[in-house]
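1. Sequence plus the predicted model coming up.
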Amino acid sequence: MKEIVFGIICNIIVAFLTWIITKTYHGYKSFKGIKHAARFNNDCFKAGIINVFPTRKTYGEHKDHGTSSEYISRAEHSVLYVGYWLASGTEMGNLKETIRNLTAERKTVSLIFINPYNDNSLLTCSDYIGISSEAIKSRVKTVIKDLLDFKKQLGENSHYLIIKIHEVPLSASAFILDDTTSKKCRILVDYKIYKKSREESYGIEFQDANKVITKRMLDSYKIIANEAKEINNIFELHK
């Protein structure tokens, strides 16, 4: 009798453990399961995705990102920014000091801003960052003027800082580190959401230009950068 009871209990335990293992692997309700997690991990690896930032606040919480200044300071050869107006206030002050250090180390810093006189692009971008086109125009002009003045202070290293304007109605901005070194290339894309504020954006970071999506992203942003117009003084903005 004891053997029968023991056998039944063992069968129940085995069945329960089998159910647990099956659900853990395949998932159950809101729990996606190991199979899904492994597939997602594999897809991210192939794509080149190394980080996901659900909010702007998350950037500062990740040790391998930190502030914008801390992020670009990790560049070994070059920094490329493609976006709107970059930053303002204290953040811009920190960025300029980092740019000063990078150019002193003969690292190229290319900053590609939206053309503040392209009304069509400004209107489209306005919907994605929740700021009027006039406000965008004002901020871009202010930042470009500030950076052009700053560039003069760099002396013999000034040619390592490149300032350009693009004509593309972007819905995202990006920092690209070391675009000439495929394995070490990192791209942080900050995605804006239509009719939501700039603070409600989210980010995805890619690495290794040999990976599928990293390469596509790099190729796309380099097209924008190559087609952009270089600005050496504030008067060229009007041409």
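-> Cool, got the structure.
2. And the lowest mean pLDDT element among the helices and strands of this structure?
-> Ranking every helix and strand in the chain by mean pLDDT, DSSP states H and E puts helix 2-26 at the bottom, with a mean of 55.
3. So what touches stretch 58-72?
-> Outside stretch 58-72, the residues that touch it by Cβ atoms under 8 Å, 6 or more residues apart in numbering are 51, 53, 79, 81, 87, 91, 94-95, 97-99, 102, 109, 175, 177, 188, 203, 205. Every residue, glycine included, has its C-beta placed from N, CA and C.
4. what do you get if the cut-off is 10 Å, keeping everything else the same?
-> Defining contact as Cβ atoms under 10 Å, 6 or more residues apart in numbering, one finds that stretch 58-72 is touched by 50-53, 55, 73-74, 78-81, 86-87, 91-99, 101-102, 107, 109, 175-177, 186, 188, 190, 202-203, 205.
5. can you tell me how far C185 sits from I176?
-> Going from C185 to I176 by Cβ to Cβ, to the nearest Å gives 7 Å.
6. any idea which element I204 lies in?
-> Assigned by DSSP states H and E, I204 belongs to strand 202-207.
7. so what does that strand touch, helix or strand wise?
-> Packing partners of strand 202-207 (3 or more Cβ pairs under 10 Å, 6 or more residues apart in numbering; DSSP states H and E): helix 33-47, strand 49-53, helix 57-61, strand 172-177, strand 186-191, helix 212-227.
8. mind redoing it with 6 Å?
-> The elements that strand 202-207 packs onto, with contact taken as 3 or more Cβ pairs under 6 Å, 6 or more residues apart in numbering; DSSP states H and E, are strand 49-53, strand 186-191.
9. rank those strands by pLDDT, which is bottom?
-> Of all the helices and strands packed on strand 202-207, strand 49-53 carries the lowest average pLDDT, namely a mean of 91.
10. Could you list the paired strands of that strand along with their orientation?
-> If you go by DSSP bridges, strand 49-53 pairs up with strand 202-207 (antiparallel).
11. quick one, the strand it pairs with and strand 172-177 angle?
-> 30 degrees (axes from the mean of the first three to the mean of the last three Cα atoms, to 10 degrees).
12. Residues in contact with strand 202-207: which ones?
-> When contacts are defined by Cβ atoms under 6 Å, 6 or more residues apart in numbering, strand 202-207 is touched by residues 48-54, 186-191, 214, 217.
13. Using CSV, write down the CA coordinates of stretch 45-63.
-> Provided in CSV are the C-alpha atoms of stretch 45-63 (Å, rounded to 0.1, in the frame of the first residue of the first chain):
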residue,chain,number,x,y,z
PHE,A,45,22.4,39.9,-31.3
LYS,A,46,21.9,39.6,-35.1
ALA,A,47,20.5,43.1,-35.3
GLY,A,48,23.2,44.6,-33.2
ILE,A,49,20.9,45.9,-30.4
ILE,A,50,22.8,46.1,-27.1
ASN,A,51,20.6,48.5,-25.1
VAL,A,52,17.0,49.7,-24.9
PHE,A,53,16.1,52.8,-23.0
PRO,A,54,12.4,53.1,-22.3
THR,A,55,12.6,56.7,-21.1
ARG,A,56,15.1,59.6,-21.4
LYS,A,57,15.7,59.3,-17.7
THR,A,58,17.1,55.7,-18.3
TYR,A,59,20.1,57.1,-20.2
GLY,A,60,21.6,58.4,-17.0
GLU,A,61,20.8,55.2,-15.1
HIS,A,62,22.9,53.0,-17.4
LYS,A,63,26.5,53.0,-16.4
